[in-house]
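1. this one's sequence-less:
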């Protein structure tokens, strides 16, 4: 099943659901993530995509979990077009299971979750809140409530197999609209009590529409557009060249003397090689300004 996100409403409540197995698996492979890092990064990327679904065309956001746990920073960039990329500072963290589950909360630790929205205005807008549990989904929910005054519910899940492969990932976002009736909120609450973990539903073959169907069981659902989701980084050799040219004269000259350089993109792990000839040309161009 290709990764995708779908939007829907039911009786004054809106919901987005996403299947993100392939893009989370790609990120985990690119960064050589151990299971805990794969789960934390996958949940963050999926949550970022769910928040970005609220943005207008070609707008994007950055989510950063800056916790004091062994994972360090967990970061994701997501766009309204369905593109996402991300990284975790320490992908090789391994902790004992917590009640049979990956100890993501312990690995993330306490700190601050921030969301920066790039909406085409001159200045980006950043909101933040405390990391409550480090389990990611609850922290997104808390962020929306405290920073954006939007009571919402977010569910996220990543399932990693015994051979350390990401085999299911997904999430959902639910928000009550101003005209919702109390009886509908009660119905939704009952549905959520019996809802299976989102990663279990995805592993059992549920697509995003079926996940929303389970959330809104017994309610009058209207489905809207589906967006394809994919792991995509904006890095390129040209962009890396610009970074190198922004280095100080001495630093760039030192690279020329070394005769070669390798630059690795933080977000996707792509490696870019530069030989002496290329570095000399960059040095010469940088000095012309």
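-> Now that the structure is in, tell me what you want to look at. Every value quoted in this text rests on a predicted model; they were computed, and no experiment measured them. Residues are numbered from 1 along each chain as shown.
2. List the residues that contact the most centrally placed residue in the chain.
-> For the chain, residue 45 is the residue whose C-alpha lies nearest the centre (CA atoms, centre = their mean; 1.3 Å). Residues touching residue 45, when contacts are defined by CB atoms under 8 Å, 6 or more residues apart in numbering, comprise 20, 23-24, 27, 76, 78, 84-86, 231. From N, CA and C alone the C-beta is placed, and that goes for glycine too.
3. ok, now residue 178?
-> Remark: with contacts taken as CB under 8 Å, 6+ apart, residue 178 is in contact with residue 12.
4. Wait, a helix at the residue nearest to the centre of the chain?
-> Yes - under DSSP: H, G, I helix; E, B strand; the rest coil, residue 45 falls within a helix.
5. how close does it sit to residue 172?
-> With distances taken as CB to CB, to the nearest Å, residue 45 is found 15 Å from residue 172.
6. got it, and residue 278?
-> Applying CB to CB, one obtains 47 Å for the distance of residue 278 from residue 172.
7. If you count surrounding residues, which of those two has more?
-> Set side by side, residue 278 and residue 172 show more neighbours around residue 172, with 26 against 16, by other CB atoms under 10 Å.
8. Run through the residues that contact that one.
-> Residue 172 is in contact with 15-18, 50, 154-155, 198, 211-212, 215, counting by CB under 8 Å, 6+ apart.
9. please redo it, this time with the cut-off set to 6 Å
-> With contact set as CB atoms under 6 Å, 6 or more residues apart in numbering, residue 172 has these partners: 17, 155, 211.
10. and which of those residues is nearest to residue 224?
-> Ranking those by separation from residue 224, with CB to CB as the measure, puts residue 17 on top at 11.6 Å.
11. ok, that closest one touching residue 213?
-> No - under the criterion of CB atoms under 6 Å, residue 17 makes no contact with residue 213, lying 9.2 Å away.
12. Of the two, which one has the most company?
-> Taking neighbours as other CB under 10 Å, residue 17 and residue 213 compare with residue 17 leading, 30 against 17.
13. quick revisit: can you give me the distance of the residue nearest to the centre of the chain to residue 272?
-> Distance from residue 45 to residue 272, counting by CB to CB: 23 Å.
14. just checking, next helix/strand downstream of the host helix or strand of residue 145?
-> Secondary structure here is read from DSSP states H and E; on that basis residue 145 sits in helix 137-146. Per DSSP H and E, helix 137-146 leads on to strand 152-160 as the next helix or strand towards the C-terminus.
15. strands paired with the first helix or strand past that following strand going along the chain, and their directions?
-> Elements were assigned by DSSP H and E; along the chain past strand 152-160, the next helix or strand is strand 166-176. Using DSSP bridges, the strands paired with strand 166-176 in its sheet are strand 13-19 (antiparallel), strand 152-160 (antiparallel).
16. how far off strand 13-19 does the very next helix or strand once past strand 166-176 point, in degrees?
-> As assigned by DSSP H and E, the chain's next helix or strand after strand 166-176 is helix 182-194. For helix 182-194 against strand 13-19, the angle between stretch directions is 30 degrees (axes from the mean of the first three to the mean of the last three CA atoms, to 10 degrees).
17. Do me a favour and average the pLDDT over helix 182-194.
-> The average pLDDT within helix 182-194 is 94.
18. Residues contacting it, please?
-> In this structure, residues lying in contact with helix 182-194 by CB under 6 Å, 6+ apart are 11-12, 215, 217.
19. Any chance of JSON lines for the residues you listed, columns secondary structure?
-> Written out in JSON lines, the entries for the contacts of helix 182-194 read as follows (three-state DSSP):
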{"residue": "11", "secondary structure": "coil"}
{"residue": "12", "secondary structure": "coil"}
{"residue": "215", "secondary structure": "helix"}
{"residue": "217", "secondary structure": "coil"}
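20. Determine which two of those residues are furthest apart.
-> The two members of those with the most space between them (CB to CB) are 12 and 217, at 16.1 Å.
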